[in-house]
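Participant: here is the input, now give the coordinates:
(one chain, ligands or ions: 2)
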Amino acid sequence: MMKFRQNIIFQYTLITFAVTFSVSALLGFLLSQKLSEQAIKAYTNFFPRIVAQIAKENPQACVLLESNRGAEISAELEDFAAQLQSVGAVFGVKIWDTNGTILWSNKKELIGKNFKDDPDFMLAARGTANSIFRRQNKDENSLERYPQTALEIYAPIFFNNKTVGVVEFYEGAQELLARIKQGMFIIWTSIAGAGILLYLLLFFIFYKAHMAQKTSTLKLERTVDVIIYALAYLAEIRDAETGRHLERTAKYVGIIARQLLRSSPYSSYLSQQYIADLMKAAPLHDIGKVGVSDAILHKPGKLTPEEFSDMQKHSAYGADILIEADKKLGFQSLLTMAIQIARSHHERWDGKGYPQRLSGDKIPLSARIMSLADVYDALRSKRCYKEAYTHAESVKIIQEGKGTQFDPDVVDAFLKKEKEFQRISMELPG
Ligand SMILES: [Fe+2]
Ligand SMILES: [Fe+2]
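Facilitator: Numbering: from 1, shown residues only. Ligands and ions are numbered 1, 2, ... in the order given. Got it, this is the predicted structure:
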């Protein structure tokens, strides 16, 4: 679930697919509806012209209709009906007079019946042809059911410039249906093609932008790391140590934190992000040494109590420098952790450290980890006032500091991984 939320490409793919699919489906549906409406309208409008033509050829039938003499069937009307029935795929015809009485129908039982309130008839009687699709054996009352799908068309009969009646056709509409089907096929294939193309295009643009952004973020992160390292190194070389101290201690804190994450009371507090920040922030632990004079930093012999107290101020200086930088940033960053480390990496578990004499878990965990890493590295290094301790000696000294100088859980984590400390101290000497 977490993976899914983090995978922006996957999320984008899913969302754009859903949107493109829905929009295409809606567009396709609307266009298809419009297409069938237009096709039916065009088809329907063709009928009044044919009716007018046939009416012209059967003037007596039209006179009969015009005279409104009810259901008086005549031979003229029969001829008229026969010609109407031969139009296209027509399989049923009704001829209405303008009063709404059916004068002729191939369903004889309907002849003479009056349906003057039928809205489709009324529309045609006012001169406007209209039509409805009738599905097979549905929609119509039992008398008017036909065994096939049909277009029911009401067309006015124009004669002597006026409407003298209405013809109702039942037309098989196979040609119309085929035309609509073909139109639908064109619409749906073009929409599907355009949808896929649009989707691929959007994906391509997004993917390119995403990758470009990812690369620039990575570059920016690397730049920040290098600047942090350069800053830390600047303070470190004044103390006549090499940058290797920074490299090694960054690795040591990483080893301890990973072990604590695996098994310790801090497992739930730690995370991969915490460990990454800790390793990046670690080199800044002694940045405050920029505020300590060279005379003290480089003094070969033992420091006087005043000098020692000046030297101790480096942790507060370091925190102050980083707090100033953090204020300018205005959001949570690894500087927050760097401040904790710089300020408290000389605190002791028993409260006898400096600068605040914090004890136990009042000391930030990051600083407790840093403290052990820093001491191990100092023990293993040669200084102007001491020789380097062996790995075994250093382990022993740290073990002795468990619960006094160091957090017991941090010491336990160190003891589980001490071989890795030894390996790194040998791989990165000096
Ligand atoms: Fe320090
Ligand atoms: Fe250090």
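Participant: what does the pLDDT read for the residue in the stretch 51-200 of the chain that ligand 2 sits nearest to?
Facilitator: Residue of the stretch 51-200 of the chain nearest ligand 2, by C-beta to the ion: residue 200 (54.9 Å). The way it works is simple: take the backbone N, C-alpha and C, and place the C-beta from them, glycine included. At residue 200, the pLDDT value in this model is 92.
Participant: residue 63 too?
Facilitator: As predicted, residue 63 sits at a pLDDT of 84.
Participant: host element of it?
Facilitator: helix 59-66 (DSSP states H and E).
Participant: tell me what the helix or strand following that helix is packed against?
Facilitator: Counting by DSSP H and E, the next helix or strand C-terminal to helix 59-66 is helix 75-85. Packed against helix 75-85, as judged by 3 or more C-beta pairs under 8 Å, 6 or more residues apart in numbering; DSSP states H and E, are the following elements: helix 8-57, helix 59-66, strand 90-97, strand 102-105.
Participant: if we use 10 Å, what do you get?
Facilitator: For helix 75-85, the packing partners by 3 or more C-beta pairs under 10 Å, 6 or more residues apart in numbering; DSSP states H and E come out as helix 8-57, helix 59-66, strand 90-97, strand 102-105, strand 150-159, strand 162-171.
Participant: doesn't residue 341 lie inside a strand?
Facilitator: No. Counting by DSSP: H, G, I helix; E, B strand; the rest coil, residue 341 falls outside a strand, being helix.
Participant: which residues of the stretch 1-150 of the chain score low on pLDDT?
Facilitator: Scanning the stretch 1-150 of the chain for pLDDT under 70 picks out the ranges 1-6, 68-73, 136-147.
Participant: let's see that with 80 instead.
Facilitator: Scanning the stretch 1-150 of the chain for pLDDT under 80 picks out the ranges 1-6, 67-75, 134-149.
Participant: what's the angle between the helix or strand where residue 235 lies and helix 8-57?
Facilitator: Per DSSP H and E: residue 235 is located in helix 174-238. Angle of helix 174-238 versus helix 8-57, following axes from the mean of the first three to the mean of the last three C-alpha atoms, to 10 degrees, is 160 degrees.
Participant: could I get the contacting residues of the closest residue to residue 117 other than its chain neighbours?
Facilitator: Counting by C-beta to C-beta, 6 or more residues apart in numbering, residue 117 lies nearest to residue 100, which is 7.3 Å off, once chain neighbours are set aside. Residues counted as contacts of residue 100 (C-beta atoms under 10 Å, 6 or more residues apart in numbering) are 113, 114, 115, 116, 117, 118, 121, 122, 125, 166.
Participant: tell me the buried residues within those.
Facilitator: 118, 121, 122, 125, 166 (16 or more other C-beta atoms under 10 Å).
Participant: now, those residues that are in helices?
Facilitator: Under the assignment DSSP state H, the buried ones among the contacts of residue 100 contribute 121, 122, 125 to helices.
Participant: mind putting these into TSV with distance to ligand 2?
Facilitator: Output for those, formatted as TSV (distance: C-beta to the ion, whole Å):
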residue	distance to ligand 2
121	101
122	99
125	103
